[in-house]
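Asker: Provided below are the primary sequence and the corresponding predicted coordinates.
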Amino acid sequence: MIEVRDLHKSFGEVRAVNGVSFVARDGEITGLLGPNGAGKTTTLRMLYTLMKPDAGQVLVDGVDAAVDADAVRRQLGVLPDARGLYKRLTASENIDYFGRLHGLPPALLRDRREALIDALEMRDIATRRTEGFSQGQRVKTAIARALVHDPRNVLLDEPTNGLDVMATRAMRRFMRQLKDEGRCVLFSSHIMQEVAALCDRIVVIAHGRVVADEAPAMLLEQTGEATLEDAFVKIIGTDEGLAA
Amino acid sequence: MTAFSTVYWKEVRENLRDRRTLISALVTGPLLGPVMFIMLMNVMVTRELAKTDRPLTVPVIGAELAPNLVAALRSASIDAGPAIPDPENAVREQRTDVVVRISPRYPEAWAKGQPVQVELIYDSSRRDASAPIMRVRGLVESYGRREGAMRLIARGMSPNTAWPVQVADRDQATSQSRSALMFSFLPYFFVLTVFLGGMYLAIDLTAGERERQSLEPLFVNPVPRWQILAGKLGAICTFALVSLLLSVAAFATAPWFIPTEKIGIALDLGWRFGSQVVLLMLPMILLLAALQSLVSAFARSYREAQTYLSVLMIIPVLPSLLLSVVAIRAEPWMYAVPLLGQNLGIVQLLRGDGMTAWEIGLCMAGGFTAAILAIWATATMYRSERLAISG
C-alpha cells in the first residue's frame, strides 16, 4: 500500500507539485491521470525516493520514505520515465544486474528471471543484446528488471508510452495479472482510454494538485457526464495535454 | 555479492565488449607513449651523430687566399665548397648553414704576422644549423691558436705566456643524466596513458548512463549511491592500471629500438624502474578516475563530457612543460604536489639517482590526499538530486 500525504516540490519558481495526497491500495490498480506537465512524474519520483519532497510524507507499506529510503525502495518495483538499458548487455544480463543489486541469491534470481521472461513473453529476446531493441522490447526488459525482486508495490510511469497496439494490450494484461496477484499497482498516464479501461481508482492531477480521487463510476456520477472523457475534461477544466 | 562488486563486474564486463574503450585502454593509451618516444629518440640520435662524424661542405669565399686554413679544415673533414654570391642572403634563405669569408688582406697580413679576419656568416636562430656552425668555428679558432703558438715559439717565447688562464672542462653529467635531459617529457606519457586508459569508461559510466537514461533506474535500487560510485571508480581504475602496466612493459622494450650506445647514453627502463613508476602513479590513477567522473557528471551528454575531458587532459602537461622550460631545483615540498611530484620522481629515476623513501612517501601522501578530495567531491556530486534526472 502506498500513502501520499500533502506532497510539495518546487523547482525554483515553478511549483511542480503543490499538495498531492492519495492512497493506492493492495490488489487494486490506481491510475494517476493528468495532462503533460501536471506533476505526475515528479510525484512518482518523490515516491521512489529519487527526489526529496519540500514538504509532505510518503509511506510505503507503512515505512516512511524520509526515514528509511532503502527499505522503501526494496518494497517498490519501479518503471521510471527513463527506461535506459545497457545496450552491450543482453536482456537477461540487464535483469540479473538489478537482481544482484537487490541482493537476491543466485538460485532465486534465476527462478524469478525465468518466470518474468515467460510472463512478459520475451523468451525470444532474452539472450540478445539490447542494442537495437524496439520500444516494446525495451519496455518489457525494463519492467522485468524492475520486478525481479518480487516487490509488493509496482510503480509504472507512462508504461504504454510509445508502444504499438499489440504491445499495449500485452502490457494491460500484465498489469491486471499484477493486480490479481494482490499487488498494489500505481501507474501514471495522460491517456484517458487507458485509465478508464484499467483502473479501480483514478487520481486526477492538474497544476500540481489532486482535483479528483474516485472510482470511475463515481466520477461519472459526480460530474453528471455520460463518458469518462467528458468527465475528465470537466474536472480539469480543459482538454489540453490529454489524449483520448 | 555486495553492491560494490556487482557494479564493478558489470561495468568491467560491459566495457570489455566495447571496441572503442578497449582500443583506447589497451592499444592507443599504452602504445602512444612508447612509439612516440622511440621515434623522437631516433631523430635525436641521428642528429647527435651528425654533429661529429659527417663530412661537411662549407662554401668558402676566397679559399685561394688561405690554402693553409683550407687544408686545416679539410683535415677535420670540412670541405671548402665553391664560393657563392651574396652569402648573407643564402644563409637567410636557408640554402646553406654557414659560409666562411676570408678577407682579401689575408695573404698580406699572414706574411707580416698581423691578425686578420675570417668571417663566419650564419643565422643563430636556426637551431638545426648550430652543429655545423660550432664545428667550423671551433676549427678556425683552434687553427688560429695553433698558428699563434708556432709564432711565439719562432720568437723564442713559450706559448704559455699568451694564455695565463686556461679552461678545463669537467662535465659531471653521467651517461644516464645526459639521457634524462632528453627524457624530461617521458613522465607525461605515463600520465597520458593513465588518462586515456580510464577516459572512455569514466565518460560512459556517468555522462553515458545519464544520456542513455539508465542512471535513474539504477539509483532506484536499494543501494547507497557511494557503493555504486565505488564500483564505477574501481572499474575505471582497473582499466587505467592495465593501461599503465602495458605502457611500462612497452617502454621496457624501447632500448632495443634506440641505438643508445652510439651516443654514449644509458637507458634503464627495466622492471625496477617500471615497478617504481607504477608505485608513483597509483595515487594518480585514483585521482584521475575521480576527476574524470566528476567532470563527466557535469556534462549532459557523452559528447559534452568528451569535450570537457580533452580540456582536462591539458592539465597534466603543465608540470612537464614547466620542468622542461624552467630549470627547477627540486625542493622537498614539490614532491607532495600531485603530478609535479610524479614528474620529478620519474625524471630522477631516469637519471639513475633513485628516490629516497622520504621522497616516495611525500609523492604518495600528496597524491592520495588529492585523490581522496577528488573522490569526496565526486561523491557529493553523486548525492545530488540533479544527477539522476536525465530528462
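Answerer: Arrived safely. Numbers count the residues shown, from 1 in each chain, chains lettered A, B, ... in the order given.
Asker: CA atoms for contacts and neighbours, from now on please.
Answerer: OK.
Asker: Would you mind giving the domain segments of chain B?
Answerer: Domain assignment for chain B by automatic domain parsing gives B:3-46+B:176-388, B:54-158.
Asker: Output those domains in JSON lines; the columns should cover mean neighbour count and mean pLDDT.
Answerer: JSON lines is the format used below for the domains of chain B (neighbours: other Cα atoms under 10 Å in any protein chain shown; pLDDT from 0 to 100):
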{"stretch": "domain B:3-46+B:176-388", "mean neighbour count": "20", "mean pLDDT": "86"}
{"stretch": "domain B:54-158", "mean neighbour count": "15", "mean pLDDT": "86"}
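Asker: Next up, phi/psi of the residue in the stretch 201-350 of chain B positioned nearest to chain A, please.
Answerer: Using Cα to the nearest Cα, the single residue of the stretch 201-350 of chain B nearest to chain A is B:S214, 4.0 Å away. The phi/psi pair for B:S214 (degrees, to the nearest 10) reads phi -100, psi 0.
Asker: circling back: TSV for the domains of chain B, including distance to A:D164?
Answerer: Output for the domains of chain B, formatted as TSV (distance: least, Cα to Cα, whole Å):
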stretch	distance to A:D164
domain B:3-46+B:176-388	22
domain B:54-158	71
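Asker: about what we covered before: now the residue of the stretch 201-350 of chain B closest to chain A. Nearest residue, chain neighbours left out?
Answerer: Spatially, and ignoring its direct neighbours in sequence, B:S214 is nearest to A:G84 (4.0 Å; Cα to Cα, 6 or more residues apart in numbering or on different chains).
Asker: any idea which element that neighbour lies in?
Answerer: Secondary structure assignment for A:G84, by DSSP states H and E: no helix or strand.
Asker: From B:S293, how far off is B:V27?
Answerer: Distance, B:V27 to B:S293, using Cα to Cα, to the nearest Å: 22 Å.
Asker: who in chain A is up against chain B?
Answerer: Applying Cα under 8 Å from any Cα of the partner chain, one finds that chain A approaches chain B through A:48-51, A:69-71, A:73-74, A:78-80, A:82-86, A:88-89, A:97-98, A:100-103.
Asker: Now the buried members of these.
Answerer: Buried subset of those (neighbour count, 16 or more other Cα atoms under 10 Å in any protein chain shown): A:48-51, A:69-70, A:73-74, A:78-80, A:82-86, A:88-89, A:97-98, A:100-103.
Asker: Which secondary structure state is assigned to B:W9?
Answerer: Put simply, B:W9 is helix when judged by DSSP: H, G, I helix; E, B strand; the rest coil.
Asker: Now it. Nearest residue, chain neighbours left out?
Answerer: Using Cα to Cα, 6+ apart and skipping residues adjacent in sequence, the residue nearest B:W9 is B:A235, 7.7 Å away.
Asker: sorry, back to before: what pLDDT does the residue nearest to B:S214 get?
Answerer: pLDDT recorded at A:G84 is 89.
Asker: Go ahead and confirm B:K232 touches B:T6.
Answerer: No. Assessed by Cα atoms under 8 Å, B:K232 is found out of contact with B:T6, at 10.0 Å.
Asker: For the chain, just list every one of the strands.
Answerer: Using chain A. Counting by DSSP state E, chain A has strands at residues A:2-11, A:14-24, A:29-33, A:55-60, A:63-64, A:76-79, A:153-157, A:184-189, A:201-206, A:209-214.
Asker: wrong chain, I was asking about chain B
Answerer: Along chain B, counting by DSSP E, strands occupy B:56-61, B:78-81, B:98-102, B:118-122.
Asker: would you list those strands in a markdown table and tack on distance to B:T161?
Answerer: Shown next, in a markdown table, are the strands of chain B (distance: least, Cα to Cα, whole Å):
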| stretch | distance to B:T161 |
| --- | --- |
| strand B:56-61 | 33 |
| strand B:78-81 | 31 |
| strand B:98-102 | 28 |
| strand B:118-122 | 24 |
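Asker: would a markdown table of these with distance to chain A be doable?
Answerer: Output for these, formatted as a markdown table (distance: least, Cα to the nearest Cα, whole Å):
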| stretch | distance to chain A |
| --- | --- |
| strand B:56-61 | 62 |
| strand B:78-81 | 67 |
| strand B:98-102 | 63 |
| strand B:118-122 | 63 |
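Asker: Looking at those, which is nearest to A:Q193?
Answerer: Minimum separation from A:Q193 across the strands of chain B (Cα to Cα) falls at strand B:118-122, 90.1 Å.
Asker: ok, now which ones touch A:L85?
Answerer: A:N94, A:T130, A:R138, A:A142, B:R212, B:Q213, B:S214 (Cα atoms under 8 Å, 6 or more residues apart in numbering or on different chains).
Asker: nearest to A:G237, of these?
Answerer: Looking across the contacts of A:L85 and measuring by Cα to Cα, the closest to A:G237 is B:Q213, at 33.7 Å.
Asker: my guess is that closest one contacts A:A82, does it?
Answerer: Yes. Contact criterion Cα under 8 Å: B:Q213 and A:A82 qualify, at 5.1 Å.
Asker: Tell me which residue in chain A sits closest to chain B.
Answerer: Chain B sits closest to A:G84 of chain A, with a gap of 4.0 Å, by Cα to the nearest Cα.
Asker: what's near enough to touch that residue?
Answerer: A:G84 makes contact with A:A142, B:E209, B:R212, B:Q213, B:S214, B:L215, B:P217, according to Cα under 8 Å, 6+ apart.
Asker: nearest residue to the third one other than its sequence neighbours?
Answerer: So the one you mean is B:R212. Nearest non-adjacent residue to B:R212 (Cα to Cα, 6+ apart): A:G84, at 5.2 Å.
Asker: ditto for the second one
Answerer: Sequence neighbours aside, B:L215 is the residue nearest to B:E209 in space, at 5.3 Å (criterion: Cα to Cα, 6+ apart).
Asker: which residues does the one you found contact?
Answerer: Contact analysis of B:L215 by Cα under 8 Å, 6+ apart lists A:G84, B:T206, B:E209, B:A388, B:I389, B:S390.
Asker: next one: A:V185
Answerer: By Cα under 8 Å, 6+ apart, the neighbours of A:V185 are A:24-30, A:153-156, A:175, A:178-179.
Asker: for B:A250, same thing?
Answerer: B:P30, B:L31, B:P34.
Asker: which of the residues you listed lies closest to chain A?
Answerer: B:P30 (24.5 Å).
Asker: Return the residues in contact with B:S103.
Answerer: B:G62, B:V116, B:Q117, B:V118, B:E119.
Asker: for chain A, longest helix please?
Answerer: In chain A, taking DSSP state H as the definition, the longest helix is helix A:165-180.
Asker: Just the CA trace of that helix, in CSV.
Answerer: C-alpha atoms of helix A:165-180 as CSV (Å, rounded to 0.1, in the frame of the first residue of the first chain):
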residue,chain,number,x,y,z
VAL,A,165,-1.4,-1.7,-30.2
MET,A,166,-0.3,-5.3,-29.6
ALA,A,167,2.3,-4.3,-27.0
THR,A,168,-0.2,-2.0,-25.3
ARG,A,169,-2.7,-4.9,-24.9
ALA,A,170,0.0,-7.2,-23.6
MET,A,171,1.0,-4.5,-21.1
ARG,A,172,-2.5,-4.1,-19.9
ARG,A,173,-2.9,-7.8,-19.5
PHE,A,174,0.3,-7.9,-17.4
MET,A,175,-0.9,-5.1,-15.2
ARG,A,176,-4.1,-7.0,-14.5
GLN,A,177,-2.1,-10.0,-13.6
LEU,A,178,-0.1,-8.0,-11.1
LYS,A,179,-3.3,-6.8,-9.6
ASP,A,180,-4.7,-10.3,-9.4
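Asker: Give the closest residue to B:E14 in space, chain neighbours not counted.
Answerer: The shortest distance from B:E14 to any non-neighbouring residue, by Cα to Cα, 6+ apart, is to A:R88 (5.9 Å).
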